[in-house]
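> No sequence on hand, only this structure:
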Ligand code: AMP
Ligand code: MG
């Protein structure tokens, strides 16, 4: 029986903790502090995939530059199209893509034209080659039913001269490379990649290849972090494992913050005997947040260390990944100049009973799939403990359960967040 004189403190197993702030308040606080690193560099298009544009890309030309044919066929004036019955036309030449026909086309005449070829003077309409009848090599018959301007791409209909083609803050995708190439630009200004340093803390952590003594475990967090960071537009600095002692940790924090824009650590942020992270950040930096009402992952520290921002994530591997997706990732998007993007979330029916108590926002691991009737549903990955990292590798989404939710039955609707999909 508990001695009623002992004052019980909130622990990470409790659902109520008045010191913990809500997930939304934490996200806002983090985003209000994070600023874009601001430094830029000029890169060639080939180098700039996934990089964030530091200025608007403006077109100095129309695309297409000239009105051209969208079909292989015959170009003529729309005003000269047949009225009540078929008409015969004289074919006066050919316009190829890259080899335009340079003479005037007059009434009763047409020009053989290929897809992409510039429209000859006097023409504004194309009749598909499948829709004509050849009379001789130089005479064709066109039936009624065609419309002026059909099968023609207007100059500037894709991109107008002087318009913004891709906006500052956009992360360059494959389609953008082609669009920028189409306006003849070879190099663009992008923000430098944020430098992200990370290390694991814990006396029990061993690197792969080392033997495990009783109580030792392999350091998996650094691999998770490496994987999640590699999918972002950042420079990664892996600083290994640091032991749970004040002087080693102090040293490591100073070194990390001197070479990075953001420092991420895992472990040592709760209230155990060897949890020194908070103590050191309070001593040599600033703490803005140290508890968030979230499961898994309540003890999470956000602050500043010298010129770097700092996230002290919990040690438990699942907590590392869920807190990364909820807080670190939007913070990095902000740092990289993109601005925090909204993760794609949507509602689906749950195929599993999900156990939960009121009080904390919870991220459970889910598998989204279609059932036999073609309906999109989500099921839990199995045990949801924060040490069950294998649940994370089976998952393809997080199931987001609000603070006041007290459990889900089969058939209830839940909100899911697939990994790595942003609006
Ligand atoms: P801590 O937050 O340091 O108390 O760690 C919480 C739990 O996470 C403990 O069971 C640790 O052994 C485990 N843990 C901490 N760091 C790592 C890591 N880098 N890789 C795998 N497990 C870890
Ligand atoms: Mg530890």
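Perfect, thanks for sending it. Predicted, not measured: the structure shown is a model, and the values here were computed from it. Residues are numbered from 1 along each chain as shown. Ligands and ions are numbered 1, 2, ... in the order given.
> List the residues that contact residue 103.
Residue 103 makes contact with 92-93, 120-121 under the criterion C-beta atoms under 8 Å, 6 or more residues apart in numbering. (C-beta placed from N, C-alpha, C; glycine too.)
> Kindly give a single PyMOL line that selects the buried subset of the residues you listed.
Selection command for PyMOL covering only the buried members of those, criterion 16 or more other C-beta atoms under 10 Å:
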select buried, resi 92+120
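> can I get the contacts of residue 103 in a markdown table with distance to residue 372 and secondary structure?
Output for these, formatted as a markdown table (distance: C-beta to C-beta, whole Å; DSSP: H, G, I helix; E, B strand; the rest coil):
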| residue | distance to residue 372 | secondary structure |
| --- | --- | --- |
| 92 | 64 | strand |
| 93 | 62 | strand |
| 120 | 59 | coil |
| 121 | 62 | coil |
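> Quickly name whichever of the contacts of residue 103 is closest to ligand 1.
Nearest to ligand 1 among these, counting by C-beta to the nearest ligand atom, is residue 120 at 69.8 Å.
> Pull the contacting residues for the residue in the stretch 251-400 of the chain positioned nearest to ligand 1.
In the stretch 251-400 of the chain, the residue that lies nearest ligand 1 is residue 315 (2.3 Å; C-beta to the nearest ligand atom). Going by C-beta under 8 Å, 6+ apart, residue 315 touches 201-202, 221, 266-270.
> Where does the prediction get shaky in this protein?
In the predicted model, the chain carries pLDDT under 70 at residues 1-18.
> if you go through the stretch 201-350 of the chain in chain order, where are the strands?
205-206, 217-218, 235-242, 262-266, 286-291, 294-295, 299-305, 308-313, 346-350 (DSSP state E, counting those that start in this stretch).
> Number of residues surrounding the residue lying closest to residue 330 once chain neighbours are set aside?
Leaving out its chain neighbours, the residue that sits closest to residue 330 by C-beta to C-beta, 6 or more residues apart in numbering is residue 340, at 3.7 Å. Neighbour count of residue 340, defined by other C-beta atoms under 10 Å: 18.
> how much space between residue 340 and residue 334?
Going from residue 340 to residue 334 by C-beta to C-beta, to the nearest Å gives 5 Å.
> Need the residues touching each of those two.
Common contacts of residue 340 and residue 334, defined by C-beta under 8 Å, 6+ apart, comprise residue 31.
> hmm, back to that, any chance of the strands of the stretch 201-350 of the chain in a markdown table, plus mean neighbour count and distance to ligand 1?
Formatted as a markdown table, the strands of the stretch 201-350 of the chain follow (neighbours: other C-beta atoms under 10 Å; distance: least, C-beta to the nearest ligand atom, whole Å):
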| stretch | mean neighbour count | distance to ligand 1 |
| --- | --- | --- |
| strand 205-206 | 19 | 5 |
| strand 217-218 | 14 | 5 |
| strand 235-242 | 17 | 7 |
| strand 262-266 | 28 | 5 |
| strand 286-291 | 17 | 13 |
| strand 294-295 | 24 | 14 |
| strand 299-305 | 23 | 7 |
| strand 308-313 | 26 | 9 |
| strand 346-350 | 15 | 28 |
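> For the residue nearest to residue 405 when sequence neighbours are not counted, which residues are in contact?
In space, and not counting its chain neighbours, residue 405 is closest to residue 356: 5.7 Å by C-beta to C-beta, 6+ apart. For residue 356, the contact set (C-beta under 8 Å, 6+ apart) comprises 362, 364, 401, 405-408.
> In strands only, show me the residues you listed.
362, 364, 401 (DSSP state E).
> Nearest to ligand 2 among the residues you listed?
Using C-beta to the ion, residue 362 is the member of those that lies nearest ligand 2, at 22.8 Å.
> what sits against the closest one?
294-295, 356, 400-401, 405.
> same deal with residue 364?
354, 356, 380, 384, 398-399, 401.
> hmm, try it at 7 Å
Contacts for residue 364 (C-beta atoms under 7 Å, 6 or more residues apart in numbering) come out as 354, 380, 384, 399, 401.
> partners of the closest residue to residue 376 other than its chain neighbours in the sheet?
Excluding its sequence neighbours, the residue lying closest to residue 376 (C-beta to C-beta, 6+ apart) is residue 348, at 5.2 Å. Taking DSSP bridges as the rule, residue 348 bridges to residue 414.
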